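Participant: Whatever this is, show me its structure:
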Amino acid sequence: MSCAADDDLAQPCLEALVAGTVALMSCWAAPNDNAPTSARQQRTAMARKIVCNLYLLKNHPHASPGLRHVMAMAHERWIVVSDASSDASVVTQPDPALADPLGLLPVSTLMH
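Facilitator: Predicted coordinates for the structure are as follows:
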């Protein structure tokens, strides 16, 4: 699938989102030793972004049902990983408007 400019502008490009998420997962596995922040802080920030990306992927209108299912399973697992690896100094209160960027869930059911 291409990332044509005339596609639904409200949705990030499916391929770019998958590629970016895989890249984040690779960086999460091997944080930068020379970064100004600790490995734990890096992992916390990356895990939160991975959870967000997986949420977008599991609800992406251009993703196949099979891909959505895999992304939904990965999303649930990465929520656990994110919670387990959290560094409270990195975590900020989520903006409720951004927690469900597609507007699919009632506020009371949001997990992150």
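
Participant: Only C-alpha atoms from now on, for both contacts and neighbour counts.
Facilitator: OK.

Participant: which secondary structure elements does the strand or helix carrying residue 55 contact?
Facilitator: Assigned by DSSP states H and E, residue 55 falls within helix 39-58. Taking 3 or more CA pairs under 8 Å, 6 or more residues apart in numbering; DSSP states H and E as contact, the helices and strands that helix 39-58 lies on are helix 14-29, helix 65-84.

Participant: which intervals of this protein have sub-threshold pLDDT?
Facilitator: Regions of the chain meeting the criterion pLDDT under 70 cover residues 1-10, 87-112.

Participant: again, 90 this time
Facilitator: Counting by pLDDT under 90, the chain has low-confidence residues at 1-12, 40, 81-112.

Participant: can you list contacts of the helix holding residue 55?
Facilitator: Contacting residues not belonging to helix 39-58 are listed as 14, 17-18, 21, 24-25, 27-28, 31-33, 63, 67-72, 74-75, 78-79, 81-82, 85-87, 89-91, 101-102 [CA atoms under 8 Å, 6 or more residues apart in numbering].

Participant: cutoff 7 Å now
Facilitator: The list of residues contacting helix 39-58 from outside it, by CA atoms under 7 Å, 6 or more residues apart in numbering, reads 17, 21, 24, 28, 31, 68-69, 71-72, 75, 78-79, 82, 85-87, 90.

Participant: in stretch 71-81, what's buried?
Facilitator: Residues 71, 72, 74, 75, 78, 79, 81 are the ones in stretch 71-81 that count as buried (16 or more other CA atoms under 10 Å).
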